[in-house]
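Undergrad: this one's sequence-less:
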């Protein structure tokens, strides 16, 4: 039995974070939680389903409303520290995120931020979302798996093989894809770019390539960004798949809740 604050704190502990990031929040507090509906995306239908089936709380991964939807763009700046850690100068990293950061802020201003939260309040259904903490957990797991397996003579395909060992990728409908470069290419230095709201698109991948990174791993990429990267023809890009990759970070929290004798039902989460 837990409360919503404990669930959020557990996620922060797993991620090694001290504060709740801007894209995560508790919208309706709850206590004495024994039964949780845990969803990649949880809106009004999932709230109604949880109420009908007797769940004590709904936990979403993606922010579909509230302050987290409006402030989502702020966590995109986490890309800066990830780039700096592998040798990109701070000023250049800041400049690289500017364009997409502005676009995310504009998109957030469009969001109907109150709708889902108001429904949760009317239903008196405890409701929260946890995004960046669980993406950071997933980023660390995938990065560790890559760096434990990859050597100086490793290929891009070896990176794929390393990630495919994770149960979420074994159980997923999607496959890990090499979207840029060839399987036999040397992997070079590999960066797992994740845990900063959303992927960095063309600009961030290109900046990594320009600073000695041989292979960038995204969990998803837009067709437009991919085409621009192909035109430039630098480096290798592996795309692991959105839902399977999110699940890599979500499942450790679910396992921790289950250790506390909380019954968890997954919707959209690939089991591990």
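TA: Great, that's in hand. Here the structure is a predicted model, which means the values were calculated and not measured.

Undergrad: would you list every one of the helices in the stretch 151-272 of the chain?
TA: Remark: helices assigned in the stretch 151-272 of the chain by DSSP state H, counting those that start in this stretch are 156-164, 167-171, 201-210, 223-232, 242-259.

Undergrad: For the third one, name the packing helices and strands.
TA: For helix 201-210, the elements it packs on are helix 78-85, helix 90-110, strand 213-218, helix 223-232, judged by 3 or more Cβ pairs under 8 Å, 6 or more residues apart in numbering; DSSP states H and E. Quick note: C-beta positions are derived from backbone N, CA and C, even for glycine.

Undergrad: Ok, which of these comes nearest residue 52?
TA: Closest approach to residue 52 among these (Cβ to Cβ): helix 90-110, 30.9 Å.

Undergrad: Tell me the helix or strand right after the closest one.
TA: Going down the chain from helix 90-110, the next helix or strand is helix 115-123, by DSSP states H and E.

Undergrad: Which residues belonging to the helix or strand bottoming out on mean pLDDT in the chain are considered buried?
TA: Between all helices and strands in the chain, the lowest mean by mean pLDDT, DSSP states H and E belongs to helix 66-70, at a mean of 89. Residues of helix 66-70 classed as buried by neighbour count (16 or more other Cβ atoms under 10 Å): 66, 68, 69, 70.

Undergrad: and the end-to-end length of stretch 41-57?
TA: When the termini of stretch 41-57 are compared using Cα to Cα, to the nearest Å, they are 14 Å apart.

Undergrad: Compute the mean per-residue pLDDT across stretch 229-249, please.
TA: In this model, stretch 229-249 has a mean pLDDT of 98.

Undergrad: ends of it, how far apart?
TA: 27 Å.

Undergrad: now stretch 14-22
TA: End-to-end distance (Cα to Cα), stretch 14-22: 17 Å.

Undergrad: For that stretch, which outside residues touch it?
TA: 8, 12, 67-68, 71-72, 74-75, 131-134, 136-137, 140, 252-253, 256 (Cβ atoms under 8 Å, 6 or more residues apart in numbering).

Undergrad: Quick check: buried residues in that stretch?
TA: Quick answer for stretch 14-22 (16+ other Cβ under 10 Å): 14, 15, 20, 21, 22.

Undergrad: who wins for proximity to residue 56 among the helices of the stretch 151-272 of the chain?
TA: Of the helices of the stretch 151-272 of the chain, nearest to residue 56 by Cβ to Cβ is helix 242-259, at 11.6 Å.

Undergrad: Buried by neighbour count: which residues of the closest one qualify?
TA: For helix 242-259, the neighbour count (16+ other Cβ under 10 Å) marks 242-254, 256-257 as buried.

Undergrad: what about residue 111, how many residues close to it?
TA: By the measure other Cβ atoms under 10 Å, the count of residues near residue 111 is 16.

Undergrad: try the one 5 residues further on
TA: The local packing count at residue 116 equals 24, with neighbours defined by other Cβ under 10 Å.

Undergrad: mind listing what it touches?
TA: 42, 43, 44, 47, 64, 65, 66, 127.

Undergrad: And residue 197, by the same measure?
TA: 23, 72, 73, 75, 76, 78, 104, 131, 132.

Undergrad: Apply 10 Å and report the result again.
TA: By Cβ atoms under 10 Å, 6 or more residues apart in numbering, the residues touching residue 197 are 21-23, 63, 71-79, 100-101, 104, 131-132, 135.

Undergrad: Residue 138 too?
TA: Taking Cβ under 10 Å, 6+ apart, we find residue 138 in contact with 15, 166, 168, 192, 194-195, 219, 240, 244-252.

Undergrad: same question, residue 204
TA: 76, 79-80, 82-83, 88, 93, 96-97, 100, 191, 193, 196, 216, 218, 225.

Undergrad: Could you report the distance from it to residue 83?
TA: 7 Å (Cβ to Cβ, to the nearest Å).

Undergrad: okay, and the common contacts of those two?
TA: In contact with both residue 204 and residue 83: 93, 96, 97, 191, 193, 196, using Cβ under 10 Å, 6+ apart.
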